[in-house]
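Peer 1: next comes the sequence, and after it the predicted model I'd like to discuss.
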Amino acid sequence: MNVVRKLSDYRPQERPVETPEATGKGFALIHRQFMDSRLYKDSQAVHLWLHLILKANYSPAVVKTDIGEMMVGRGQMITGRPTLVSETFIPDNKVKSLLRSFESKGMLKIEAMGRKFSLITILKYDDFQAQNCPTNVQQLSNANTSNNEPISGVCPTNVQQLSINNNITNNSLSKDKESVSAAENSEQKKPSHTCQDVIDAYHRILPECPSIRALSDKRKNLIKTFWVKAGKITRQLDNAPFSMAAWEAYLTYISLNCRWMLGARPDAKTGKTWRCKNLEYLLSDEVYLKVREGNSDDV
C-alpha cells in the first residue's frame, strides 16, 4: 500500500471545498456614513480612502514579496507609501498623515513587513463589502425582459465575477483567532480552528520537537501560507482540502514513520549534530510533499 493511502488512514473523509478564484476587477461598496466624517471634507483623504478600498483584496491568496511568500487576505493589501504616492499623486507627507489618521480612527491597521512595504488591513471590511450581488446589478444581469417574471435573488456567476473587486496580488489574514482555512472557504464566517489550534496539535502529537512559546506574526503568516500550499497538494492526492484533520494526520505520520526528524543525530560527514526538527521546518510544502510520497520515511 502506498504512502498516500497510509496517510489518509489517519484522517476522516471530508467534503471538498471550493477555493476562491481570481475574478478580476469590478465593483466595491462605499458606505454613506463616510460622508459624516471630517475626513470627507478633505478631497485627498477621500481619494486615498477610495483608493485603499479599491485596492484591497476580495479573497485571500499567497503573494510573493522581497522577504518571501506571504498570505495576504480578504480586506488587505501589500503596499508602501511611495507606491501610494505614485498611484494617487497625493504628496508623501500627506499620505503619511492620512494613514495615521485612518489608523487612529480605527479605519485600518498597518503592519510594517520590512523597509519597503507594509500590510494594510481595512477594518470592518466584511461589514461593508458584502459578498452578495448589488440589487441594481442583479436586475441588469438577470436580463429579465419580461415584466411578469420575478427578478432572480441569486446573482449569476458571470456577474459575480464582474462585480467582485479581487486583486489577486494582494491577500492575508490578520487577526490572531482568524481561521487558517479561510483561504479555502472564504464564505465560512465562523473559523473552524485557529493558528493556536495548529500549534496545540503540534505540541500534542510531537512533544519531542522544540516547543512554541509565542505565536508571532511571522509564525501565523507561515501557518496560513503553508495551509494554502498544502491544500493544493492535498487536492491532487486526495481530492480534498487541507484541514485540521489533515494537519494532525501529517504530524501523526511523522511521529510513526519519520523518527529521524524527532531527535538529535550525528552527521558523519561534518562531525556536527543534527537537531530535532522544529515547527518552521514542518511548515514547508516541500517537506509535506516528501512525507506524503514516502520520501522521508526512516531508512
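Peer 2: Looks like it came in fine.
Peer 1: these two touch, right, residue 225 and residue 62?
Peer 2: Yes: applying Cβ atoms under 8 Å as the test, residue 225 and residue 62 come out as touching, 5.6 Å apart. Yep, even glycine has a C-beta here, placed from its N, CA and C like the rest.
Peer 1: quick check: neighbours shared by these two?
Peer 2: 69, 70, 71 (Cβ atoms under 8 Å, 6 or more residues apart in numbering).
Peer 1: what does the domain assignment say about the chain?
Peer 2: Per the record, the chain has its domains at 3-16+184-292, 32-128, by automatic domain parsing.
Peer 1: now the ones you listed in CSV, with distance to residue 299 and mean pLDDT?
Peer 2: Below are the domains of the chain laid out as CSV (distance: least, Cβ to Cβ, whole Å; pLDDT from 0 to 100):
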stretch, distance to residue 299, mean pLDDT
domain 3-16+184-292, 8, 81
domain 32-128, 31, 86
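Peer 1: what's the closest of these to residue 298?
Peer 2: domain 3-16+184-292 (5.4 Å; Cβ to Cβ).
Peer 1: about what we covered before: name the nearest of the shared contacts of residue 225 and residue 62 relative to residue 39.
Peer 2: Using Cβ to Cβ, the shared contacts of residue 225 and residue 62 come closest to residue 39 at residue 70, 29.2 Å.
Peer 1: just to revisit the earlier point, most neighbours among the shared contacts of residue 225 and residue 62, please name it.
Peer 2: Compared across these, residue 71 has the highest neighbour count, 26 neighbours, by other Cβ atoms under 10 Å.
Peer 1: re the thing from before, output the shared contacts of residue 225 and residue 62 in CSV, with secondary structure and distance to residue 274 appended to each entry.
Peer 2: Converted to CSV, the shared contacts of residue 225 and residue 62 look like this (DSSP: H, G, I helix; E, B strand; the rest coil; distance: Cβ to Cβ, whole Å):
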residue, secondary structure, distance to residue 274
69, strand, 26
70, strand, 29
71, strand, 29
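Peer 1: quick one: the helices in the stretch 151-299 of the chain?
Peer 2: When assigned using DSSP state H, counting those that start in this stretch, the helices of the stretch 151-299 of the chain occupy the ranges 157-163, 195-205, 217-238, 244-257, 279-282, 285-292.
Peer 1: now those helices in CSV, with distance to residue 273?
Peer 2: Shown next, in CSV, are these (distance: least, Cβ to Cβ, whole Å):
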stretch, distance to residue 273
helix 157-163, 54
helix 195-205, 23
helix 217-238, 25
helix 244-257, 20
helix 279-282, 16
helix 285-292, 20
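Peer 1: between those, which gets nearest to residue 104?
Peer 2: helix 217-238 (20.9 Å).
Peer 1: please list all residues in contact with residue 298.
Peer 2: Counting by Cβ under 8 Å, 6+ apart, residue 298 has contacts 257, 258, 259, 260.
Peer 1: quick one: which two of these are the most distant?
Peer 2: With Cβ to Cβ as the measure, no two of the contacts of residue 298 lie farther apart than 257 and 260, at 9.8 Å.
Peer 1: ok, residue 284 - contacts?
Peer 2: Residue 284 neighbours (Cβ under 8 Å, 6+ apart): residue 226.
Peer 1: for it, give me phi and psi.
Peer 2: phi -130, psi 130 (degrees, to the nearest 10).
Peer 1: one step back: in TSV: the domains of the chain, plus distance to residue 298.
Peer 2: As requested, the domains of the chain are exported to TSV (distance: least, Cβ to Cβ, whole Å):
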stretch	distance to residue 298
domain 3-16+184-292	5
domain 32-128	30
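Peer 1: quick one: which of residue 225 and residue 62 has more around it?
Peer 2: Neighbour count, other Cβ under 10 Å: between residue 225 and residue 62, residue 225 has more, with 22 against 19.
Peer 1: mind listing residues that contact whichever helix or strand residue 51 is part of?
Peer 2: Under the criterion of DSSP states H and E, residue 51 resides in helix 43-55. Residues outside helix 43-55 that contact it (Cβ under 8 Å, 6+ apart): 28, 30, 34, 39-40, 77, 79, 84, 87-88, 90, 94-95, 98-99, 101-102, 107-108, 120, 122, 129, 165, 167, 170.
Peer 1: show me where the stretch 1-150 of the chain has its strands.
Peer 2: Counting by DSSP state E, counting those that start in this stretch, the segments of the stretch 1-150 of the chain that form strands are 61-65, 68-72, 76-79, 108-112, 118-122.
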